[in-house]
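*Asks:* quick one: sequence and predicted model below, then my questions.
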Amino acid sequence: MADRESHLDDVLNAPEGPHIGALFDFDGTIIAGYSATAMLWEKIKRREMSAEELVETANVMAQYSMGNMGFSGLMSSASRLMKGVTEESYFEFGEELYEKHIARKVYPESRALIEAHIAKGHTVAIVSSATIYQIEPTARDLNIEHVLCSQYEVENGEFTGEIVRPLCFGEGKVMAAEKLAREKNLDLDKSYFYSDSYDDIELLEHVGKPRPLNPNSKLTAVAKERGWPLQKFDSRGQGKPVDYLRTIYATGSLIGSAVASLPIWALTGSQREAMNFSTGLFGDFATALTGCELEVHGEGNLWNARPCIFVFNHQSKADVMILAKLIRKDMGGVGKKEIRDTPIIGKLMELAGTVFIDRANAKSAIKAMEPLIEAIEVDGKSIVISPEGTRTLSPKLGPFKKGAFHMAMQAGVPIVPIVIHNAGDVAPKNEFVMRPAKVRVDVLPAVDTSKWSVRTINSHVAEVRGMFLEALGQDDEEAALEELTSKAAKKSRPAKAVKETNPATRAGATTRMAKKKPATRKKPATGRKKAAAKSAATKKPVKKPAAKRVTASRTTKKKAVKKTATRKTGAAKA
């Protein structure tokens, strides 16, 4: 196999310009495993499939895997099960699927490849046999503007039970790529296509730069025969036994570190000294056991302004051990109340100065943090808190809450930003296993809060958040979306739809703009909420009245994620 950086190095040295296409398969290439499998298991978990449907699905999948049925037959069988279901319910299902399953499957190496292509000004697209409902949230997260994929037919907002031909599979992918090339003036002879499967051999042969990525055995053999550069990532998917051992031992080291500190407590009578010893020891042990190597910039800023409020961007459960290793002593923290109920670990964190809050109850959360003000003023402790409030699904910075900033003003201490770039490489949200990775951390200079006031708090929150965005190299999407919303409101009309049709879209289909609202965006329907509206209690989502629109693509970002695809979810493999 090629070395780990080979594909990325190739892109970094490539010429610039939108005439160069960077086309990516989805399943097995951008994400580990298959999104359709995650979709099926989620449906089974929700009990949204009858026994007859389960038997039929199992039979169809068996026929397909044995070669007795083609991809078109597989999709046709899946489409029949969805007849009469509202398309909107599947967009919402796709959002929840992303949050629960798919976000943590995105290869960080593939993310880096995509970011490198975008930085070069290349035209980046997903070309997949999966459906828009499986792909859309990931495309939005990765800033991928074009999605070419398989479709289920939709009329009046409901699936008809038919597929739209040609599907984006095999030669259909070539057709889709050629249509995009005509529309965007791409030179396919200078363009890239990344795929894990021999099923994509037609498009791999059609571009000038075929790039097998996580290739199956058949594609590996062909790539070696033809001299195509290939690469395999192991940062996602099924972990190795050693990774599970690392994770278990690293988690357990919190208890071991606490036990090791008991003699200090017994001999000195100082709980604080014992906890300081335990905190530093845990950080050293846990990072070493998981293979988490830290690249720290601005380390001196950790000590120059104590006591202070340390604020950090929360990406991973690995953040706890990273912060323990960095801060080491005289610290308290804030955690969600559910952690307190964790046997042993919850109590140990409480002894170490963690305050547990109910994030759903703002008033109780504010009251619960009052002891932290005393810990700062009386004990000289520093407090560690994430203004995002919870872990994000991707490296993108979330909105900031104001609690940490009010606390800094009340205690009269500075704020020290700790910017964690890629802790998700160790363990993304919702992932149990932790894997070795090099994590970059920037500790920024302290921010003076002595002249802050409640009246100006919003501007100070924005200022500190801007420091994070600059360090992370991210755009302020939240502000951009607010500006978009404001402009649309002033014009008293909706944002203009971006028109783009799928290579296989039927005549007369239209495009709609799905404008993503800032923090107030309505959450997707789940089995817990909107059960009547989306029928998580029944085996299929509820039908909507025939007044819905026919959609051929959907834009999902401040920069309109144009889908040259649309309609429906199925057992599609990218």
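*Replies:* Received, thanks. Bear in mind the structure is a predicted one, so any value in this text is a computation, not a measurement. Numbers count the residues shown, from 1 in each chain.
*Asks:* the residue nearest to residue 25 when sequence neighbours are not counted: neighbour count?
*Replies:* The shortest distance from residue 25 to any non-neighbouring residue, by Cβ to Cβ, 6 or more residues apart in numbering, is to residue 195 (3.9 Å). Backbone N, C-alpha and C define where each C-beta goes, glycine included. Counted by other Cβ atoms under 10 Å, the residues lying close to residue 195 total 29.
*Asks:* contacting residues for residue 195?
*Replies:* 24-25, 28-29, 203-204, 211-213, 215, 219 (Cβ atoms under 8 Å, 6 or more residues apart in numbering).
*Asks:* if you look at those, which of them are in strands?
*Replies:* 24, 211-212 (DSSP state E).
*Asks:* now residue 92: how far from residue 168?
*Replies:* Distance from residue 92 to residue 168, counting by Cβ to Cβ, to the nearest Å: 23 Å.
*Asks:* more crowded one of the two?
*Replies:* Using other Cβ under 10 Å as the criterion, residue 92 and residue 168 rank with residue 168 on top: 30 against 21.
*Asks:* so residue 190 touches residue 123, yeah?
*Replies:* No - Residue 190 lies out of contact with residue 123 (Cβ atoms under 8 Å); the separation is 11.2 Å.
*Asks:* give me the more crowded residue out of those two.
*Replies:* A side-by-side neighbour count of residue 190 and residue 123, using other Cβ under 10 Å, places residue 123 first with 22 against 16.
*Asks:* run through the bridge partners of the more buried one.
*Replies:* When bridges are called by DSSP bridges, residue 123 pairs up with residue 21.
*Asks:* could you pull up the residues touching it?
*Replies:* Residues in contact with residue 123 (Cβ under 8 Å, 6+ apart) are 18-22, 145-146, 180, 184, 186.
*Asks:* minimum pLDDT in those residues, which residue is that?
*Replies:* Across the contacts of residue 123, the bottom pLDDT score, 92, is held by residue 145.
*Asks:* now, which of the ones in strands among the contacts of residue 195 sits nearest residue 420?
*Replies:* residue 24 (26.4 Å; Cβ to Cβ).
*Asks:* name the helix or strand for the closest residue to that closest one other than its chain neighbours, please.
*Replies:* Nearest residue to residue 24, sequence neighbours excluded (Cβ to Cβ, 6+ apart): residue 194, at 4.9 Å. Assigning secondary structure by DSSP states H and E places residue 194 in strand 192-195.
*Asks:* picking up where we left off before, any idea how far the residue nearest to residue 25 is from residue 29?
*Replies:* 6 Å.
*Asks:* one more: residue 312?
*Replies:* 32 Å.
*Asks:* go on, residue 261?
*Replies:* From residue 261 to residue 29 the distance is 47 Å (Cβ to Cβ).
*Asks:* which residues do residue 190 and residue 123 both contact?
*Replies:* Common neighbours of residue 190 and residue 123 (Cβ under 8 Å, 6+ apart) are 19-20.
*Asks:* any low-confidence regions in the chain?
*Replies:* Applying pLDDT under 70 to the chain picks out residues 1-5, 64, 335-369, 477-574.
*Asks:* returning to what we had before: pick the one among the contacts of residue 195 closest to residue 414.
*Replies:* residue 24 (43.5 Å).
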